[in-house]
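# have a look; sequence and predicted model below, questions after that.
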Amino acid sequence: MSTSAASNLSPAFPERAAWGTAGKLRAWQAEALASYMERQPRDFLAVATPGAGKTTFALRVAAELLQRRIVEKITVVAPTEHLKTQWADAAARVGIRLDPKFANNVGGHSRDFDGVALTYAGVASKPLLHRGRTERYKTLVILDEIHHGGDNRSWGDALREAFEPATRRLSLTGTPFRSDTNPIPFVTYHADEAGIRRSASDFTYGYGEALKDGVVRPVLFMAYGGGMRWRTRAGDELEARLGQPLTKDMINQAWRTALDPKGQWIGSVLVAADKRLTEVRRHVEDAGGLVIASNQTQARAYARILHDITGEKPTVVLSDDTGASKRIEEYAEGTSRWMVAVRMVSEGVDVPRLAVGVYATNTATPLFFAQAVGRFVRARRRGETASVFVPSVPTLLDHAARLEDERDHALDRPRSAENPDWVEEDLLEQANKEEKASSELEQMSFEALESDAEFDHVLFDAEQFGLGTTSGSPEEEEYLGLPGLLEPDQVAQLLRSRQPKSASRTSEAPEPAAHRALAATRKELNSLVGAYAKKTGTPHAVVHADLRRTCGGPALDTATHEQVTARIETIRRWFVGRR
């Protein structure tokens with residue numbers, strides 16, 4: 001730092017002399033910083049997996065630019081109020097003073113600060129105010145989780161209005177971009193061979209690379225299925241097994257039944273997750289767990305269940321207010337076992353000791369899932385592992401298997417004969433939106449009746465281990481008891497060593513009695529018929545008659561197991577329009 005610059009420092013803030021010197025950079029951060037300083041771009045997009053250290057990289061860039069007088073002020077834009085404070089605290093450790101309490105109605109801040117931390121919503125409410133601040137000083141704008149700039153057109157327009165005059169803009173993201181077609185401000189797009197404009201990052205550091213470098217933890221996904229029974233708004237009682245092939249509607253309803261606090265499924269999964277946490281804490285004493293709930297009612301109910309299991313009251317975070325931020329901070333700095341939250345801890349919130357998670361929400365988008373899993377992957381020392389308990393829902397298991405995928409943001413959508421309006425990768429998210437809308441319509445009349453949990457398998461590195469067993473069985477205990485400190489290759493080796501045991505036990509299990517197998521297939525067919533009748537408005541008896549006419553054979557009560565199975569396969573084809 002120059003003598004003239006040092007002479008301008010306030011004696012109350014001697015740490016300013018430490019700009020850019022606090023902490024050793026990881027290899028990827030140093031490489032990204034070198035690329036940035038060599039190119040000196042006005043806009044720079046860094047895509048780095050959650051837990052890799054995007055904040056540290058961005059603040060080092062900020063310190064370098066301040067020290068060289070390339071910029072005079074820093075503006076950080078983050079998704080939530082809590083993250084504003086988190087950024088201000090991190091900045092203070094490298095001698096940069098950010099005001100996280102800046103208010104639009106005040107319009108300014110103390111001269112003690114080098115800049116401000118804002119939310120996207122705050123910028124959108126008064127973009128011209130922030131444009132004035134940006135024009136007044138040479139400003140570096142750090143856009144944390146920049147994909148929020150594509151949430152809706154008004155937010156994107158506000159960001160452009162406010163920060164178009166900025167001297168520098170540094171955009172950060174750690175999760176797959178959304179599949180909407182709103183251009184994200186200050187992101188560069190290039191057309192590929194098919195003419196699709198896709199986002200181009202200036203530096204990318206994926207989960208696979210971070211795992212090899214020991215920057216993030218390996219994640220074991222513990223998948224649980226089980227039997228579900230519920231009553232629809234039409235008054236029909238349906239049954240299905242979560243984890244078996246079902247229609248989208250049936251999966252959605254079975255999933256909601258599993259998450260119902262009054263059922264046995266969630267209680268059994270929370271017991272299993274707490275056992276896993278106990279095992280991890282043998283090696284990592286302050287390891288914590290997080291349950292991500294769908295809504296406040298369920299969050300409170302899950303907290304009561306955990307209190308009964310552990311004898312310790314969990315930290316409950318229900319909304320993004322100052323009280324919630326304080327509770328998160330106290331939990332992060334403490335050693336208590338569990339925290340229960342609704343959404344707000346899914347993105348950006350830094351609680352490094354989180355090692356066990358329960359995905360107890362029916363939100364299924366790739367973006368949210370990646371954000372949620374990102375809360376558990378931050379490594380503090382070699383060998384730490386993360387375990388995330390999930391329902392055996394195909395959408396979630398697909399997201400888990402594709403954890404290492406890198407996705408660019410596409411502005412255009414190619415057409416095909418099967419899907420004239422959407423690219424394949426967008427179909428899943430579109431289906432999620434449709435299912436969510438359907439769920440909201442049925443919420444008032446849907447009634448979960450009963451559920452039970454079965455341990456299906458462990459998913460690690462896109463490979464399944466374990467062949468299914470009842471909750472609380474010795475086979476489940478083997479996987480819950482995996483050591484809490486393991487290198488990624490040790491995890492895979494240990495899982496593979498246990499696979500033959502599971503396979504041999506399964507092969508020794510007796511075949512179910514013929515009458516039980518036939519009863520199960522008849523029950524499954526009746527459930528599918530009920531769902532199809534609801535979807536088409538056709539009476540149940542007519543659907544059964546159509547199936548019998550198509551597949552042949554006698555009435556259901558005298559049909560063989562093979563004949564009933566054929567009708568199940570047929571009605572599944574009808575659901576996707578291949579009648």
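Perfect, I can see it now. Numbering: from 1, shown residues only.
# just give the closest residue to Lys313, not the sequence neighbours.
What sits nearest to Lys313 in space, not counting adjacent residues and going by C-beta to C-beta, 6 or more residues apart in numbering, is His307, at 5.3 Å. The way it works is simple: take the backbone N, C-alpha and C, and place the C-beta from them, glycine included.
# which other helices and strands does the host helix or strand of that neighbour contact?
Under the criterion DSSP states H and E, the helix or strand holding His307 is helix 296-310. With contacts defined as 3 or more C-beta pairs under 8 Å, 6 or more residues apart in numbering; DSSP states H and E, the packing partners of helix 296-310 are helix 264-281, strand 288-293, strand 315-317, strand 338-342.
# what residue lies at the spatial centre of this structure?
Centroid-nearest residue in the chain, with C-alpha atoms, centre = their mean: Phe369, separated by 2.3 Å.
# per-residue pLDDT, that residue?
Predicted confidence (pLDDT) for Phe369: 87.
# list phi and psi for the closest residue in space to it that isn't next to it in sequence.
If you skip the residues right next to it in sequence, Phe369 has His399 as its closest partner in space, 4.3 Å away by C-beta to C-beta, 6+ apart. Its backbone dihedrals place His399 at phi -60, psi -40, with angles given as degrees, to the nearest 10.
# go ahead and confirm His399 touches Pro366.
Yes. Under the contact definition of C-beta atoms under 8 Å, His399 touches Pro366, with a separation of 5.5 Å.
# which one's more surrounded, the two?
Comparing His399 with Pro366 by other C-beta atoms under 10 Å, the one with more neighbours is His399, at 25 against 22.
# how close does the more buried one sit to Thr550?
Separation of His399 from Thr550 (C-beta to C-beta, to the nearest Å) stands at 35 Å.
# partners of the host helix or strand of Val141 in the sheet?
For Val141, the host element (DSSP H and E) is strand 139-143. Using DSSP bridges, strand 139-143 pairs in its sheet with strand 73-78 (parallel), strand 168-173 (parallel).
# could I get the last one in CSV with only the CA atoms?
Yep, that's strand 168-173 we're talking about. Provided in CSV are the C-alpha atoms of strand 168-173 (Å, rounded to 0.1, in the frame of the first residue of the first chain):
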residue,chain,number,x,y,z
ARG,A,168,-16.1,-3.4,-12.1
ARG,A,169,-18.6,-6.2,-11.7
LEU,A,170,-17.8,-9.6,-10.2
SER,A,171,-20.5,-12.2,-10.5
LEU,A,172,-20.6,-15.4,-8.4
THR,A,173,-22.7,-18.6,-8.5
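# for it, what does the pLDDT average out to?
Averaging the model's pLDDT scores along strand 168-173 yields 94.
# contacts for it, please.
41-48, 54, 58, 61-62, 65, 70-71, 139-147, 163, 186-187 (C-beta atoms under 8 Å, 6 or more residues apart in numbering).
# that strand: what's the following helix or strand?
Counting by DSSP H and E, the element after strand 168-173 in chain order, helix or strand, is strand 188-191.
# now do the first one
Next in sequence after strand 73-78, counting helices and strands by DSSP H and E, comes helix 81-92.
# and the next helix or strand after that following helix, how far out from the chain's middle?
Following the chain from helix 81-92 toward its C-terminal end, the next helix or strand by DSSP H and E is strand 98-99. Shown here is strand 98-99, whose average C-alpha point lies 29 Å from the average C-alpha point of the whole chain (C-alpha atoms, centre = their mean, to the nearest Å).
# partner strands of the helix or strand that strand 98-99 is followed by, with direction?
If you walk from strand 98-99 toward the C-terminus, the next helix or strand you reach (DSSP H and E) is strand 115-119. According to DSSP bridges, the neighbouring strands of strand 115-119, each with its direction, are strand 73-78 (parallel), strand 98-99 (parallel).
# quick check: buried residues in strand 115-119?
Neighbour-count burial for strand 115-119, counted by 16 or more other C-beta atoms under 10 Å, picks out 115-119.
# just checking, what packs against the helix or strand encompassing Asn252?
In this assignment (DSSP H and E), Asn252 forms part of helix 248-259. Where contact means 3+ C-beta pairs under 8 Å, 6+ apart, helix 248-259 is packed against strand 219-231, strand 237-242, helix 264-281, strand 386-391, helix 424-442, strand 447-451, helix 514-536.
# got the CA coordinates for that helix in PDB?
Output in PDB follows, covering the C-alpha atoms of helix 248-259 (Å, rounded to 0.1, in the frame of the first residue of the first chain):
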ATOM      1  CA  LYS A 248     -45.900 -38.400 -11.400                       C
ATOM      2  CA  ASP A 249     -49.100 -37.800  -9.500                       C
ATOM      3  CA  MET A 250     -48.700 -40.900  -7.400                       C
ATOM      4  CA  ILE A 251     -45.000 -40.000  -6.600                       C
ATOM      5  CA  ASN A 252     -46.100 -36.500  -5.600                       C
ATOM      6  CA  GLN A 253     -48.800 -37.800  -3.300                       C
ATOM      7  CA  ALA A 254     -46.700 -40.600  -1.800                       C
ATOM      8  CA  TRP A 255     -43.900 -38.100  -1.200                       C
ATOM      9  CA  ARG A 256     -46.200 -35.700   0.600                       C
ATOM     10  CA  THR A 257     -47.500 -38.600   2.700                       C
ATOM     11  CA  ALA A 258     -43.900 -39.500   3.700                       C
ATOM     12  CA  LEU A 259     -43.200 -36.000   4.900                       C
END
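# that one vs strand 288-293, what angle?
Between the axes of helix 248-259 and strand 288-293, defined by axes from the mean of the first three to the mean of the last three C-alpha atoms, to 10 degrees, the angle is 130 degrees.
# got a list of contacts for helix 248-259?
224, 226, 228-230, 232, 238, 240-242, 246, 263, 265-266, 294, 298, 360-362, 391, 393-395, 431, 435, 438-439, 446, 448-449, 451, 453, 527-528, 531, 534-535, 575.
# quick check: mean pLDDT of it?
Along helix 248-259, the predicted confidence averages to a pLDDT of 91.
# just want the angle from it to strand 219-231.
Relative orientation of helix 248-259 versus strand 219-231 (the same axes, to 10 degrees): 100 degrees.
# what's the angle between helix 248-259 and strand 237-242?
Orientation note: helix 248-259 sits at an angle of 80 degrees relative to strand 237-242 (the same axes, to 10 degrees).
# surely Gly174 meets Pro50?
Yes. Counting by C-beta under 8 Å, a contact exists between Gly174 and Pro50, whose distance comes to 4.3 Å.
# mind listing the shared neighbours of those two?
Jointly contacting Gly174 and Pro50 under the rule C-beta under 8 Å, 6+ apart are 370-371, 374.
# top of these by number of neighbours, please.
In terms of neighbour count, Gln371 stands highest of the shared contacts of Gly174 and Pro50 at 25 neighbours, by other C-beta under 10 Å.
# quick one: that one from Gly206, how far?
Gln371 sits 16 Å away from Gly206 when distances are taken as C-beta to C-beta.
# give me the neighbour count for the closest residue to Leu59 other than its chain neighbours.
Closest residue to Leu59 apart from its sequence neighbours, by C-beta to C-beta, 6+ apart: Val94 at 5.2 Å. Using other C-beta under 10 Å, Val94 has 20 other residues around it.
# for Pro100, see how far away Val94 is.
In this structure, Val94 and Pro100 are 16 Å apart, going by C-beta to C-beta.
# related to what we said a few turns ago, buried only: go through the contacts of helix 248-259 for me.
In the contacts of helix 248-259, burial by neighbour count holds for 224, 226, 228-230, 232, 238, 240-242, 246, 263, 265-266, 294, 298, 360-362, 391, 393, 395, 435, 439, 446, 448, 451, 453, 527-528, 531, 534, 575, counting by 16+ other C-beta under 10 Å.
# give the buried residues for the helix or strand containing Arg573.
Under the criterion DSSP H and E, the helix or strand holding Arg573 is helix 561-575. Neighbour counts over helix 561-575 (16+ other C-beta under 10 Å) mark 563-568, 570-571, 574-575 as buried.
# same deal with stretch 382-389?
Neighbour counts using 16+ other C-beta under 10 Å place 383-389 of stretch 382-389 among the buried residues.
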